[in-house]
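Trainee: fold the following for me, if possible:
(one chain, ligands or ions: 1)
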Amino acid sequence: MILGRNSQCWCGSGLKYKNCHEAFDEKIEEYKRHGYKVPGHNLIKTPEQIEKIKKSAVINRACLDHVAKNIRAGISTQEIDDWVSKITKDMGGIPATLLVVFRRKQIDNVPASLEREMDRKRKK
Ligand SMILES: [Zn+2]
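Mentor: Residues are numbered from 1 along each chain as shown. Okay, the predicted model is just below:
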């Protein structure tokens, strides 16, 4: 991206580029010249996005605290899913179920009993 130093910065801050991200971009370009893989501007978050990420982290922490406090032998993944879903909704978030994570095969070595439960859920 080629921006004039006096142009508005690409980040949406409303500041001139030279007073905002110019030094940052130069540093990133230097890393790139040295062969490092560098993030694009699309990975850099706006203040609004950062606030949403912080809110999401509060909900995530509440979910993990609840699960850590209540989990015991015999709890099904569905029960955990229900806890997390309820807490997330109660706190204004949009829950993503555990089963979605498993379906995406982000977790290896899914136990056979869990595979069966996932199949049962898929057929519903
Ligand atoms: Zn900027």
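Trainee: tell me the domain boundaries of this structure?
Mentor: Domain assignment for the chain by automatic domain parsing gives 1-44, 47-123.
Trainee: quick one: closest of these to the ion.
Mentor: domain 1-44 (3.2 Å; CB to the ion). Quick note: C-beta positions are derived from backbone N, CA and C, even for glycine.
Trainee: and the closest one, is it in reach of the ion?
Mentor: Yes: looking at domain 1-44 against the ion by CB under 5 Å from the ion, the contacts come from Cys9, Cys11, Ser13, Cys20, His21.
Trainee: how about the helices in this structure?
Mentor: Assigned by DSSP state H, the helices in the chain fall at 22-33, 47-70, 77-90, 98-103, 112-123.
Trainee: show me what the third one is packed against.
Mentor: Looking back up the chat, that one is helix 77-90. If you count contacts as 3 or more CB pairs under 8 Å, 6 or more residues apart in numbering; DSSP states H and E, helix 77-90 packs onto helix 47-70, helix 98-103, helix 112-123.
Trainee: who's in contact with the residue nearest the centre of the chain?
Mentor: The centre of the chain sits closest to Ile53, judged by CA atoms, centre = their mean, with a distance of 7.4 Å. The contact partners of Ile53, by CB atoms under 8 Å, 6 or more residues apart in numbering, come to Lys45.
Trainee: weakest of the domains of the chain by average pLDDT?
Mentor: The minimum mean pLDDT among the domains of the chain belongs to domain 47-123 (a mean of 80).
Trainee: I'd say Val38 and Tyr31 touch.
Mentor: Yes: with contact defined as CB atoms under 8 Å, Val38 counts as touching Tyr31 (5.2 Å).
Trainee: and Phe24, how many residues sit next to it?
Mentor: 12 (other CB atoms under 10 Å).
Trainee: one more: the one 3 residues further on?
Mentor: Using other CB under 10 Å as the criterion, Lys27 is surrounded by 12 other residues.
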